[in-house]
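[1] Got a sequence here, can you model it:
(chains A and B)
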Amino acid sequence: MHIEIDEISKAFGTTAALHPVSLSLPSGALVALLGPSGSGKTTLLRILGGLEFPTSGRVRFDGQDATGLTVQERRAGFVFQSYALFRHMSVFDNIAYGLKARPRASRPTREEIARRVTKLLELIQLPDIGARYPSQLSGGQRQRVALARALAIEPRMLLLDEPFGALDAKVRKELRQGLRDIHDTTGLSTIFVTHDQEEAMELADLVVVMSMGRIEQIGKPQDIRARPATHFVREFISA
Amino acid sequence: MSDIPNIRFRPATEENPATRWALIGAAFLGLSVLVFAPLIAVFAEALADGVGASLKSLASPDARDAIRLTLTIAAISVPLNAAFGIAAAWLITKFDFRGKAFLITLIDLPFSVSPVVAGLCIVLMFGTNSLVGGWLVAQGYPIVFAMPGIILATMFVTFPFAARELIPVMIEQGRAEEEAALTLGASGWRTFWTVTLPNIRWALLYGVLLCNARAMGEFGAVAVVSGKIRGQTATMPTTIEMLYQEYLSVAAFSLAAVLALLALVTLLLKTALEIHHADQLAASHRA
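    From the prediction side, this is the model:
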């Protein structure tokens, strides 16, 4: 899905979290929003997911105005920073949650839900953990379950907030490839937020560098490395 | 084994044995005098004329009416306060708005206001001489000196328990799970029932237990609004007081023993909750 952000701004009280920013993300791209904390990248991601509403500007999905769509209507698969798995539900029930929440008319049968959850568990390469609870999983497993839960609703796009932030360095590297693979098999437009320039450069097709609520540069990793547009970008990617 | 002999290690936060035992002893002595002894005295007085006399006094119409009324009041006001407590905690922890600090203070108000004052406020607002109260009495729905007044007084006094217990737990749990449910397409209502409520269930039960204990035991506010009419508006605590004033000591202490037993059951349930679900209770976070 083609995502267009048109002069979006966001203020919390009198503080501007986002100055008007514009961005056009091609369908099926794997995009990194890269910046230090307070750069507005998470706010932008939450606006796309419908968890936050912009103070001004428009969001368009495939050319259609989506600014006023509720979080449920967006159908964005969202992976939260600390995964926000439902702690009182098994992994199976976590992944099935979005399907069970559908209105009766479009809700799959119980067998169909079980089939899809099993398939998703295979996709994240953890076929045997359906009966476990989030507290019994490692950080890396939790991240993959959160990903499977987001994919279960057949989302129009995938939004990930610091998906590797809570993991140690070794697991982080493994899961990068995991996200790349899932993106390539599903073909979903995927946007992830990160403060780690190496992660953004290695994983993304397109990197959006942000600072202080503004976009500093948009480009392919190699282009940003070769020609940093501003002083900030040069400093940040060499860090 | 050790190559540093002649040194006795003592943990930094530990006192020497004499101080330790003195403090522990003082604590037990204080507890015995203030809590255990009176509790035993209540049961001893209740059984002074034997079990038969005690049971007979409990079977009297006045005692039975009082027990029935107190249980009815608790059965109505505790669920209502649980619902209000959830609503207040939900509002305070999941939304940001002006006047939030003021609202939190307001929730604590019943803890600082004397129950007698609370009772008087209800009499002032809903008494026969007030505008609202007069009209309601004319319609045949008296509030003061009737069950609705007692329920209002009980609810006022016990309002903070559920909310106070839920707020810290819900703050700690944050909003992320609710947001996740919403992004997965669940409605707000569904999110509440399938995500929020299961996450707070033990804390809620804990709050309800405390609320219930206080609801059954409340004296001051209820004494003012109920008028203590025997067989109609006399609850267990107010009946105990009346029996005692009339020198019916076995009857008074038998009823008091029942109330104390109910409190002990509450305490046991509360302790069981603390043992099994400490991680999900606010009390354990405060400690």
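[2] max-length helix in chain A?
    helix A:169-186 (DSSP state H).
[3] as a whole number, average confidence for that one?
    For helix A:169-186, mean pLDDT rounds to 90.
[4] can you list contacts of the host helix or strand of B:Trp135?
    Assessed by DSSP states H and E, B:Trp135 sits inside helix B:131-138. If you take CB atoms under 8 Å, 6 or more residues apart in numbering or on different chains as the criterion, helix B:131-138 is touched by B:125-128, B:142-144. C-beta here means a position set from N, CA and C on the backbone, and glycine is covered the same way.
[5] redo that, cut-off 10 Å
    The contact list for helix B:131-138 (CB atoms under 10 Å, 6 or more residues apart in numbering or on different chains) reads B:122-130, B:141-146, B:148-149.
[6] repeat for stretch B:31-51
    Contact partners of stretch B:31-51, identified using CB under 10 Å, 6+ apart, comprise B:28, B:53-58, B:249-261, B:263-264.
[7] Helices of the stretch 101-250 of chain B, start to end?
    For the stretch 101-250 of chain B, applying DSSP state H, counting those that start in this stretch gives helices covering B:115-126, B:131-138, B:147-173, B:176-183, B:188-191, B:197-217, B:220-226, B:236-245, B:249-277.
[8] In the first one, which residues are buried?
    By that I understand helix B:115-126. Residues of helix B:115-126 classed as buried: B:115, B:118-119, B:121-123, B:126 (neighbour count, 16 or more other CB atoms under 10 Å in any protein chain shown).
[9] got the residues you listed as JSON lines, with pLDDT and distance to chain A columns?
    Shown next, in JSON lines, are the buried residues of helix B:115-126 (pLDDT from 0 to 100; distance: CB to the nearest CB, whole Å):
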{"residue": "B:Pro115", "pLDDT": "91", "distance to chain A": "37"}
{"residue": "B:Ala118", "pLDDT": "91", "distance to chain A": "37"}
{"residue": "B:Gly119", "pLDDT": "91", "distance to chain A": "41"}
{"residue": "B:Cys121", "pLDDT": "90", "distance to chain A": "37"}
{"residue": "B:Ile122", "pLDDT": "90", "distance to chain A": "40"}
{"residue": "B:Val123", "pLDDT": "90", "distance to chain A": "44"}
{"residue": "B:Phe126", "pLDDT": "88", "distance to chain A": "42"}
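[10] List the contacts of A:Gln197.
    By CB under 10 Å, 6+ apart, the residues touching A:Gln197 are A:32, A:34-35, A:207, A:209, A:221, A:224-225, A:233, A:236-239.
[11] Tell me the one of those nearest B:Leu166?
    Taking CB to CB as the measure, A:Gly35 is the one of these closest to B:Leu166, at 36.5 Å.
[12] For stretch A:110-125, list every residue counted as buried.
    The neighbour-count check on stretch A:110-125 (16+ other CB under 10 Å) flags A:113, A:116-117, A:120-121, A:123-124 as buried.
[13] What of stretch A:81-98?
    A:82-86, A:88-98.
[14] who's in contact with the longest helix of chain A?
    A:28-30, A:77, A:79, A:123-125, A:138-141, A:143-144, A:147-148, A:151, A:154-155, A:158, A:160, A:163-167, A:188-190, A:192, A:196, A:198-199, A:202-205.
[15] Would you mind listing which of the residues you listed are buried?
    Taking 16+ other CB under 10 Å as the criterion, what is buried in the contacts of helix A:169-186 is A:28-30, A:77, A:79, A:123-124, A:139-141, A:143-144, A:147-148, A:151, A:155, A:158, A:160, A:163-164, A:167, A:188-190, A:192, A:196, A:199, A:203-205.
[16] of the residues you listed, list those near chain B.
    Near chain B, judged by CB under 10 Å from any CB of the partner chain, the entries from these are A:77, A:79, A:155.
[17] Low-confidence regions, the chain specifically.
    Using chain A here. Along chain A, segments meeting pLDDT under 70 span A:239.
[18] other chain: chain B
    Applying pLDDT under 70 to chain B flags the ranges B:1-5, B:280, B:282-287.
[19] Could you list the contact residues of it toward chain A?
    Contact residues, chain B versus chain A (CB under 10 Å from any CB): B:96, B:173-188, B:190-191, B:194-195, B:197-199, B:201, B:279-280.
[20] Now residue 25, what are its backbone angles?
    I went with chain A, as the question did not name one. Per-residue torsions, A:Leu25: phi -110, psi 120 (degrees, to the nearest 10).
[21] I'd say it and A:Val208 touch.
    Yes: taking contacts as CB atoms under 10 Å, A:Leu25 lies within contact range of A:Val208: 8.5 Å.
[22] Between those two, which is the more surrounded one?
    The residue with more neighbours, out of A:Leu25 and A:Val208, is A:Val208; 25 against 22, by other CB atoms under 10 Å in any protein chain shown.
[23] isn't there a strand covering the more buried one?
    Yes: counting by DSSP: H, G, I helix; E, B strand; the rest coil, A:Val208 is part of a strand.
[24] what sits against it?
    Counting by CB under 10 Å, 6+ apart, A:Val208 makes contact with A:5, A:21, A:23, A:25, A:31-35, A:41, A:44, A:191, A:193, A:200, A:215-219, A:224.
[25] How about A:Ser37?
    A:162, A:195.
[26] switch to 8 Å and redo it
    By CB under 8 Å, 6+ apart, the contact set of A:Ser37 is A:His195.
[27] Does it belong to a helix, a strand or coil?
    From three-state DSSP, the assignment for A:Ser37 is coil.
[28] phi, psi of it?
    Residue torsions, per degrees, to the nearest 10, at A:Ser37 are phi -70, psi 140.
[29] Could you measure from it over to A:Glu199?
    Remark: distance between A:Ser37 and A:Glu199 (CB to CB, to the nearest Å) = 15 Å.
[30] how long is stretch A:79-89 end to end?
    17 Å (CA to CA, to the nearest Å).
[31] For it, what is the distance to the chain centroid?
    What separates the centre of stretch A:79-89 from the centre of its chain is 14 Å, taken as CA atoms, centre = their mean, to the nearest Å.
[32] Look at B:Phe97 and tell me its secondary structure.
    With three-state DSSP as the basis, B:Phe97 sits in coil.
[33] quick one, what contacts it?
    So B:Phe97 contacts nothing (CB under 8 Å, 6+ apart).
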